[in-house]
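Asker: generate a structure from the sequence data that follows.
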Amino acid sequence: QVQLVESGGALVQAGGSLRLSCAASGTIFSINTMGWYRQAPGKQRELVATITSGGITNYADSVKGRFTISRDNAKNTVYLQIHTLKPEDTAGYYCNALVRQRRWGNEYSYWGQGTQVTVSS
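Answerer: Okay, the predicted model is just below:
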């Protein structure tokens, strides 16, 4: 099996910064795209940013210029650096990874349990 464990969430003041981390472990042959999603109370889960194994990134318009996604392929870890936090960034942040467990196996999508980011005004 594959486990994704997020960390780094916190209660911060508006304008502050955070760095979220997500480490994948278990039986892993390769990881394709990794990404961050967020879900605020009463809202649907939405894409924040994704990054391919080759480093190609994609961001939601609402976070461009403030969020930076990166990854360490050797550590199977993805990061999300967040600057200039706003109250509307308050949400549970979830990590996602497309994982191939065997060389000739299929890719499957895995989710972490989430880490809470709360931004006070």
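Asker: the residue nearest to the spatial centre of the chain is in what secondary structure piece?
Answerer: For the chain, the residue nearest the mean C-alpha position is residue 36 (2.7 Å; CA atoms, centre = their mean). For residue 36, the host element (DSSP states H and E) is strand 30-39.
Asker: tell me which residues are up against that strand.
Answerer: 20, 22, 24, 45-53, 69, 71, 73, 76, 78, 80, 89, 91-100, 107, 114, 117 (CB atoms under 8 Å, 6 or more residues apart in numbering). C-betas here are computed from N, CA, C, even on glycine.
Asker: switch the cut-off to 7 Å
Answerer: With contact meaning CB atoms under 7 Å, 6 or more residues apart in numbering, strand 30-39 is reached by 20, 24, 45-53, 69, 71, 76, 78, 80, 91-100, 107.
Asker: quick check: angle from the helix or strand following that strand to strand 30-39?
Answerer: Sequence-wise, the next helix or strand downstream of strand 30-39 (DSSP H and E) is strand 46-51. Per axes from the mean of the first three to the mean of the last three CA atoms, to 10 degrees, the angle that strand 46-51 makes with strand 30-39 is 150 degrees.
Asker: which strands and helices sit next to strand 46-51?
Answerer: On a contact count with 3 or more CB pairs under 7 Å, 6 or more residues apart in numbering; DSSP states H and E, strand 46-51 meets strand 30-39, strand 57-59, strand 67-72, strand 77-82.
Asker: swap in 6 Å and give it another go.
Answerer: For strand 46-51, the elements it packs on are strand 30-39, strand 57-59, strand 67-72, judged by 3 or more CB pairs under 6 Å, 6 or more residues apart in numbering; DSSP states H and E.
Asker: make TSV from those strands and add distance to residue 1 and mean pLDDT to it.
Answerer: Formatted as TSV, those follow (distance: least, CB to CB, whole Å; pLDDT from 0 to 100):
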stretch	distance to residue 1	mean pLDDT
strand 30-39	14	98
strand 57-59	27	98
strand 67-72	21	98
